[in-house]
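Colleague: Give me a 3D structure for the following:
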Amino acid sequence: MKKLIYISSAVFLFTAFTSCGDAQNKEAKNNTSTLEEERQEMEAKFKKEYEELNEKYKEQVEKNEEKLAELKEEAKDAKNDARESINKSIDELENENNDLKARWKDFRYESKENWNSFKDEFEHDMNSLKRALQDFGEDNE
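Modeller: Below you'll find the model as predicted:
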């Protein structure tokens with residue numbers, strides 16, 4: 001009889017522990033799937049925003065390259081002593097433009113924070129270069 005009580009108790013305890021574990025496993029799986037859904041949603045939002053900005057920045061880089069080509073042509077008409085200084089400035093602006101292209105291409109999404117930080121800094125630098133090209137063209141007319 002004691003054996004039957006021990007066996008019954010053991011079966012009861014085993015069932016109680018395993019059923020609690022199942023509930024915890026289900027909750028953990030639900031939490032995991034919710035986190036995965038949130039990650040996928042963030043990734044989709046990032047990709048959409050990235051594609052929109054990619055078009056904008058590609059267009060601006062092309063405009064920068066066109067402006068640099070114009071400035072190089074105009075520099076050919078400058079006097080020899082001024083031409084060297086102008087070409088050096090144009091080369092620096094061209095290097096900045098190339099740096100921006102490389103930074104955009106090399107960016108890797110790690111988190112919402114790093115994306116927002118990168119995006120803000122990149123846009124600031126892109127606008128600064130755009131203004132510098134405009135100012136340079138106006139100063140040398």
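Colleague: could you point out which element follows the least confident helix or strand in the chain by mean pLDDT?
Modeller: Lowest by mean pLDDT, DSSP states H and E among the helices and strands of the chain is helix 2-75, with a mean of 77. Going down the chain from helix 2-75, the next helix or strand is helix 80-106, by DSSP states H and E.
Colleague: before we move on, which element is the closest residue to residue 63 other than its chain neighbours in?
Modeller: Distances taken as CB to CB, 6 or more residues apart in numbering put residue 130 closest to residue 63, at 7.9 Å, once the chain neighbours are dropped. Backbone N, C-alpha and C define where each C-beta goes, glycine included. In this assignment (DSSP H and E), residue 130 forms part of helix 112-139.
Colleague: pLDDT of that helix, averaged?
Modeller: Averaging pLDDT along helix 112-139 yields 91.
Colleague: elements contacting it?
Modeller: Applying 3 or more CB pairs under 8 Å, 6 or more residues apart in numbering; DSSP states H and E, we find helix 112-139 packed against helix 2-75, helix 80-106.
Colleague: go again using 6 Å as the cut-off
Modeller: Counting contacts by 3 or more CB pairs under 6 Å, 6 or more residues apart in numbering; DSSP states H and E, helix 112-139 packs against no other helix or strand.
Colleague: Now do the buried residues in that helix.
Modeller: With burial defined by 16 or more other CB atoms under 10 Å, the residues of helix 112-139 counted as buried are 115, 118, 122, 126, 129, 133, 136.
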